[in-house]
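# Show me the folded form of this:
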Amino acid sequence: MSLFANNEKENLAAVQPLAARMRPRSLDEFAGQKHFLGEGKLLRRLITADKNGSTIGSVIFYGPPGTGKTSLARLLADTVGCRFVQLSAVTSGVKDVRGVLQEARDEVKAGGGRTLLFVDEIHRFNKSQQDVLLHDVEDGVVILVGATTENPFFSVNNALVSRSQVFQFQSLDEQETVDLLRRAIGDSARGLGARAIEIEDGSLEYLAEVSDGDARRALTALEIAVLSSQESPVRLTRELLAESVQRKPLLYDKSGDQHYDVASALIKSIRGSDPDAALYWLARMLEAGEEVRFLTRRLVILASEDIGNADPQALTLAVSGMQACEFLGLPECQLTLSQLVTYLACAPKSNASTVAIGSAIRDVREGRLVPVPVHLRDGHYAGAKTLGHAEGYVYSHEESDGVAEQDYLGVEREYYQPVDRGFEAELGNRLAKIRAKLGKGRKQD
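Predicted coordinates:
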């Protein structure tokens, strides 16, 4: 490299933000993702074994922003000695993709190495753009590394996913973020080591917490705090960092998997009787602009599906909450939603009714049909008596306990099995006595 080119590289590096300067230069510097990059884990084994880019196939990196997808793609290219080319699906079209693929094919034909093509936001490519990649990916001309914040099984072509290994990135935990921040503070060459910095106890932990596992966000806030301070040495306090960190936009696409993941977390938290977790997921959905009708519809379903007769009042409250939310609208209806969610979470749980109707429907669909017993058939029309319809039917209200000893199905089937929780425990005791009386004379299936 010429002196002029080296100076250009240094000048470009000097204006890079801290998050870019602190990109890892080796796998040992890489923060997080130990589940596939730790010692002995799959991707690390592949990278370690691959010396010329012949072992690693195409991969898709899926996960939230700031978790190292771009950095790992660059590391991957450097480690296996591939030419690195980056495209953004937001700004690149089919022509750009074809151009890169042709260059990669020419490079291979000339005896050169393979090209690692990193496509950021690959889910933004439409089907035809993604299809352009298929042939060269399959032939091994390029190592495709696609990065996406959307679930690739929903947002990327099945054909492309089937030709790639999917690695799901997780948000950094607090300690991993703190370690990264300390490394940036102490690094004189790339980080902030040239500045005198005093760290208040707990301040880095605070920044790690509010950064929500986003390394880029944490490093950016740290750089803003240091560069904006007029003190020498700079005192990193919670207050200074709180002013420097920006509110993270919620990763929540109402038509994507984040929408369904958070909704699933809300429902499962209520089902699991944890009102605090349920309130958090409710807040996430409300702050992301979730439709109130979607929320109330899911809560009405849950009241029957997961609570049922253990607390029959739950369905009444869910329907009332739905109506109140329609009447009030946001922001006031968030109070109604909070009341409803906490009640449903604390209510006794039973899916006995859900299981019961599922079993009955399965019998019907599988053809286990039974004729309507003659004594239960309609006897109000002319000629019914001639056919014997309704003959022998016993009117239940004429019995002292309101239960007539007669067969209502014609076969022995018990779908509803009450649980021993809440009001359903009382129903279970009552049903045992009822079934004992109804069962006399019932036919076997």
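
# helix/strand/coil for the spatially most central residue of the chain?
Centroid-nearest residue in the chain, with Cα atoms, centre = their mean: D261, separated by 3.4 Å. Following DSSP: H, G, I helix; E, B strand; the rest coil, D261 is assigned to helix.

# So it versus I267, what's the distance?
D261 is 11 Å from I267, where distance means Cβ to Cβ, to the nearest Å. Quick note: C-beta positions are derived from backbone N, CA and C, even for glycine.

# ditto for Y280
13 Å.

# between the two, who's got more neighbours?
I267 (19 against 15; other Cβ atoms under 10 Å).

# Give me the mean pLDDT for the helix or strand hosting the more buried one.
Element membership for I267, per DSSP states H and E: helix 257-271. Per-region confidence: helix 257-271 scores 87 on mean pLDDT.

# other SSEs contacting it?
helix 275-287, helix 292-302, helix 333-346 (3 or more Cβ pairs under 8 Å, 6 or more residues apart in numbering; DSSP states H and E).

# As JSON lines, the ones you listed with mean pLDDT would be great.
What follows is the helices and strands packed on helix 257-271, written out as JSON lines (pLDDT from 0 to 100):
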{"stretch": "helix 275-287", "mean pLDDT": "92"}
{"stretch": "helix 292-302", "mean pLDDT": "94"}
{"stretch": "helix 333-346", "mean pLDDT": "96"}
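
# Make JSON lines from the ones you listed and add distance to Q417 to it.
Listed next are these as JSON lines, based on distance: least, Cβ to Cβ, whole Å:
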{"stretch": "helix 275-287", "distance to Q417": "27"}
{"stretch": "helix 292-302", "distance to Q417": "20"}
{"stretch": "helix 333-346", "distance to Q417": "22"}
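
# re the thing from before, the residue nearest to the centre of the chain: what's it in contact with?
By Cβ atoms under 8 Å, 6 or more residues apart in numbering, no residues touch D261.

# Please tell me how far it sits from P64.
D261 is 11 Å from P64, by Cβ to Cβ.

# go on, D311?
Counting by Cβ to Cβ, the gap from D311 to P64 is 37 Å.

# Neighbour count: the two, which is higher?
D311 (22 against 17).

# and the more buried one, what pLDDT?
96.

# From what I see, it and A347 are in contact.
Yes: the criterion here is Cβ atoms under 8 Å, and D311 meets it with A347 at 4.3 Å.

# overlap in contacts of these two?
G422.

# count of neighbours near S232?
By other Cβ under 10 Å, neighbour count at S232 equals 9.

# quick one: it and E198 touch, right?
No: judged on Cβ under 8 Å, S232 makes no contact with E198 at a distance of 10.1 Å.

# residues in contact with stretch 341-358?
So stretch 341-358 is in contact with 266, 269-271, 273-275, 278-279, 282, 299, 302-311, 313-314, 317-318, 415-419, 421-424, going by Cβ under 8 Å, 6+ apart.

# next one: that stretch to chain centre, how far?
Put simply, stretch 341-358 sits 23 Å off its chain's centre (Cα atoms, centre = their mean, to the nearest Å).

# do stretch 297-305 as well
20 Å.

# The residue lying farthest from the centre of the chain: what secondary structure?
Using Cα atoms, centre = their mean, the residue of the chain lying farthest from its centre is T386. It sits 62.9 Å away. Here T386 is recorded as helix under three-state DSSP.

# which regions of the stretch 51-200 of the chain sit below the pLDDT cut-off?
Along the stretch 51-200 of the chain, segments meeting pLDDT under 70 span 51-55.
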